[in-house]
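Q: model the following, please.
(chains A and B)
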2 protein chains.
Amino acid sequence: EGQLYLLQQRSGKRTAKAAVKIAVDLVAEGIQDKDHALLLVDALSINQLLHPQIDPKAEKETMIRGLPASPGAACGTIVFNAADAQAKCKDGPVILLREETSPDDITGMHVAKGVVTARGGMTSHAAVVARGMGAPCITGAGDMVIDFDKKTVKFGDKYDLKEGDWISISGDTGEVYKGKVPTIEPSISGDFETVMKWADDKRRLRVQANAETPKDAQTARDFGAEGIGLVRTEHMFFDPKRIVSIRKMIVAETLEEKKNALNELLPYQTGDFEALFKIMDGFPVTIRLLDPPLHEFLPKTDEDMDALAKELNVPVETVKARATALKELNPMLGDRGCRLCISRPEITEMQGKAIFTAAMNCQKAGVKVHPKIMIPLAMSKRELQVLKEILDKEKAELEKANNVQIPYTFGTMIELPRACIVADQLAELADFFSYGTNDLTQTTFGISRDDFTYHDCYKKLGILDSDPFAVLDTEGVGKLIEMSVEKGKKVKKDLMCGICGEHGGEPKSIQYADKIGLDYVSCSPFRIPIARLAAAQAVVKNADAKK
Amino acid sequence: EGQLYLLQQRSGKRTAKAAVKIAVDLVAEGIQDKDHALLLVDALSINQLLHPQIDPKAEKETMIRGLPASPGAACGTIVFNAADAQAKCKDGPVILLREETSPDDITGMHVAKGVVTARGGMTSHAAVVARGMGAPCITGAGDMVIDFDKKTVKFGDKYDLKEGDWISISGDTGEVYKGKVPTIEPSISGDFETVMKWADDKRRLRVQANAETPKDAQTARDFGAEGIGLVRTEHMFFDPKRIVSIRKMIVAETLEEKKNALNELLPYQTGDFEALFKIMDGFPVTIRLLDPPLHEFLPKTDEDMDALAKELNVPVETVKARATALKELNPMLGDRGCRLCISRPEITEMQGKAIFTAAMNCQKAGVKVHPKIMIPLAMSKRELQVLKEILDKEKAELEKANNVQIPYTFGTMIELPRACIVADQLAELADFFSYGTNDLTQTTFGISRDDFTYHDCYKKLGILDSDPFAVLDTEGVGKLIEMSVEKGKKVKKDLMCGICGEHGGEPKSIQYADKIGLDYVSCSPFRIPIARLAAAQAVVKNADAKK
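A: Residues are numbered from 1 along each chain as shown, chains lettered A, B, ... in the order given. Model prediction:
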């Protein structure tokens, strides 16, 4: 008699934990098949299951709000610099507050439970590093005004705090709370495991990690990474013990001096790679040769330049002259990537030697090593040729001296439009293409990520649907990727193609990667479970779309 | 009995004048057809026929040597800054010596017979501006050491000179000579005219000019330009009377203040365009909306900032804060081009009003006007849409108020890889594509022209055959152009496509432009005859290649 009308329908808001449970229950009750049950869990939301959370039931007082730059929650006492962070962390958890962070702050970020910066966006140094480490981070907190001399901080007009005071932060909401707010530890329940198992059965894309440190590599393995898709070797140079050597190399006049400085780095690099190979036993480790412009390694202040000059025993004018010579008007389009490896072949020699020595040592120790060497910022086949010759020579020398065979795969980043256009030529030498979608987006759009000030205006006018640095632009950048994959695979059928830019951990971009037939994605360790789930959802969604 | 053996063959070295005569003679004698006679004249060499030359028979003493940045020869007395150049040029010819030049030096460059800079390359500010003006210029003369306070200069170790001393320069060889060396005026002989007539009959590409000043526009017409392919409107803002207004606009806080400042520019811009329309009577004038990042217009030194603050009656902190806010890490990939025109629509309104008012006034005066408005740095159709709406509104208001019809054509620069990829969408709104091959080369390669320090290394290793900023990279950049022309013409059959970058005046690039079916090239006025000849040679060569 009566009829049921559905007048309105809303997607139920639920936590990741609840979503996972609903998915498992619906399958158990035979209401939903596994494939579509996977779609019930928002891939990004499972971040909640991997990090501590602010207890939703706790009382709390929000002091200020910034950008939710890296998920998770933490409480700790305030510190204002890396040295203090290292000193005070022994007494209890600390939260590092900075205007913005630079590589000099890394040691402080490693020991802090969380980071808040007054400036910077979702892709600032602090945000990227914190996400990589899985630590909560808030950036762009403009209402935080620090007095570094007095070691005090104002949060808005109302709150005056000082070093040692307790605060709590949520990197999921961008809120800074007063005092200690209770947090809930992540609980990876049986249901979550079940869903991830379904995801792994379903997905076609391999999921690898962007990682340099043994800690990150181990986290990645624990989260199910099938190897490392990107080792940014330059991150290994910022350690205080090592940066002196790289600076020495930069300031050196003669080739011999340069080689001596690089030789100091060789044992460190070799050790780095050995550690990664061991953790990734049986899985590939993809090592990118030195990428950033050299001026990034030089000190910026007069004081630091003086110190470096003394340390290197050269006049400070020499240091300054080198810094000036290395200055660039548009560093993103400058002397970096393989340009650096080619014009300073001694760097490539050192890195090659380190990789092959590490591989050889690990092999002897029974580790299954699969080193992949990746050339950054290539634009022509000849560049690959020049560098492959250098690497092959280093390998041959080691093999001969030690009477062994060292395996390795040679490939290239694809991060320039020209590389996409000549992809068929590159594939003659490269066995894999790794799309550096951050750079490829920058050059395809002609937009510097750091200078993207008109972003809001463009969004408001409907010129951009979403930030192309967050979600891959399938209409522009994607077309270049599709074209180059096709060209590459025509030359080499089993060419491995994947994404190792930030997009590699973003669900919509992962769906696109699956759709156009890429082989893998690589992302920061804490994104690995998200990428695994998103890769499975991609298969289901793309199959549904074809129906 | 005897047999003649040709043991060796060399192409005879000859001057442009001789080559032209030989070509005409061979045709007259029936030995060569006109088409292939055209190929006997090196297109670049006819530069010699358009500029004064150092008399080859004169005795001369070379003091130093730099880069031959702009052809021609000149003698004059030394001056060291723009103000002195303007003061002394009344007494006789002057040569301007600078470390390097900036827009502030323009007034001095206009009155000087030639320019020598200690720094900079073939595409530095001095080089580009001098080539545009047809004045000889030497850049990168590192052995020139100027003392600006004492107004003296050292050329190497041997020569100490001071303000007022005579020197002679050759922009063809890069040499600076001691004292007055006799020069020969260009003689455009009857043979040269004959050859150019053949070229015009043969060529398919239209040849237009890049010009902003009435003087350049007139030179271009005299050299046979069929319209202006690129008016860089920003060049019109550097005049001392105008730069104050643009700076006012930049520093202004409220929209009203901004509009007031722009209103001061409106009569100047209107007058500029009227002058160009009149000179180009019957031919198109292609006007590019404001392109460079705004910080280029701000003063750089503390002193100049103080002066500006006083002039604008604002605290100097306001000026400095604005300068800091506008600073960019990678200005080439920054807030410029249509991004500027969109985020600051008041600029577009002013420029649109100036163009349409000028067109209307000229039309009333019986001038045949063909204004073309060109959007710089577009990457999406929506950008064109937003700007076209602003322009159409300005036009409609003027038309209504004056009861007239104002004609105009709307088009876009293509200078980003993404623009090439979505060219079909752009062609829905644009009636012409003008390839900004300088920028397109920068983004396709990911190479900043200003930071191309590894160029020699790349050339030596055979990675680059030639400088892609001088000769168009047909394998990479060219493929993007071809793809976008095809996409564009599929949507709009009569879409006009041309090159307005530096490549538009380079013979090899012109041959390529002809081959892929572009409609026109646009280059600096003194390149027009070269482009006309090269365009004819292109037809002959491309036809021969097909045989």
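Q: can you give me the strands for the stretch 351-500 of chain A?
A: Using DSSP state E, counting those that start in this stretch, the strands of the stretch 351-500 of chain A run over A:370-375, A:409-414, A:432-435, A:496-499.
Q: ok now the third one, how far from the chain's centre?
A: In this case it means strand A:432-435. On the basis of CA atoms, centre = their mean, to the nearest Å, strand A:432-435 sits 16 Å off its chain's mean C-alpha point.
Q: what's the neighbour count on residue A:61?
A: If you count neighbours by other CB atoms under 10 Å in any protein chain shown, residue A:61 ends up with 12. All C-beta atoms are positioned from the backbone trio N, CA, C, and that covers glycine.
Q: same question but for residue A:405, I mixed them up
A: 9.
Q: grab the nearest non-local neighbour of it.
A: Of all residues not flanking residue A:405 in the chain, residue A:399 sits nearest, at 6.3 Å (CB to CB, 6 or more residues apart in numbering or on different chains).
Q: regarding chain A, what is its longest helix?
A: Determined from DSSP state H, the single longest helix within chain A is helix A:255-279.
Q: helices or strands up against that helix?
A: When contacts are defined as 3 or more CB pairs under 8 Å, 6 or more residues apart in numbering or on different chains; DSSP states H and E, helix A:255-279 packs onto helix A:214-222, strand A:228-232, helix A:240-251, strand A:284-288, helix A:345-364.
Q: repeat the analysis, applying 6 Å as the threshold.
A: helix A:214-222, helix A:240-251, helix A:345-364 (3 or more CB pairs under 6 Å, 6 or more residues apart in numbering or on different chains; DSSP states H and E).
Q: out of these, which one sits most buried?
A: Of those, the one with the most neighbours on average (mean count of other CB atoms under 10 Å in any protein chain shown) is helix A:345-364, at a mean of 22.
Q: before we move on, the earlier item: how about the longest helix of chain A: buried residues?
A: A:258-259, A:261-262, A:264-266, A:268-279 (16 or more other CB atoms under 10 Å in any protein chain shown).
Q: hmm, residue A:137 is touching residue A:171, no?
A: Yes - proximity of residue A:137 to residue A:171 meets the contact threshold set by CB atoms under 6 Å, at 5.3 Å.
Q: now do the shared contacts for these two.
A: Both residue A:137 and residue A:171 are contacted by residue A:70, under the criterion CB atoms under 6 Å, 6 or more residues apart in numbering or on different chains.
Q: helices along the stretch 401-547 of chain A, start to end?
A: A:417-421, A:423-426, A:437-445, A:455-460, A:477-491, A:507-515, A:528-546 (DSSP state H, counting those that start in this stretch).
Q: hang on, the earlier thing: what's in contact with the longest helix of chain A?
A: By CB under 6 Å, 6+ apart, helix A:255-279 touches A:214, A:217-218, A:221, A:236, A:242, A:245, A:248-249, A:252, A:285, A:346, A:350, A:354-355, A:357-358, A:361-362, A:367, A:369.
Q: do that again at 7 Å, thanks
A: A:214, A:217-218, A:221, A:228, A:231, A:236, A:242, A:245-246, A:248-249, A:252, A:285, A:287, A:346-347, A:350-351, A:353-355, A:357-359, A:361-362, A:367, A:369 (CB atoms under 7 Å, 6 or more residues apart in numbering or on different chains).
Q: got it, and stretch A:27-44?
A: So stretch A:27-44 is contacted by A:16, A:19-20, A:22-23, A:26, A:195, A:198-199, A:202, A:507, A:530, A:533-534, A:536-537, A:540 (CB under 7 Å, 6+ apart).
Q: 8 Å - rerun?
A: Residues outside stretch A:27-44 that contact it (CB atoms under 8 Å, 6 or more residues apart in numbering or on different chains) are A:16, A:19-20, A:22-24, A:26, A:195, A:198-199, A:202, A:507, A:530, A:533-534, A:536-537, A:539-541.
Q: and stretch A:83-93, by the same measure?
A: A:74-77, A:79, A:94, A:96, A:107-109, A:111-113, A:163-164.
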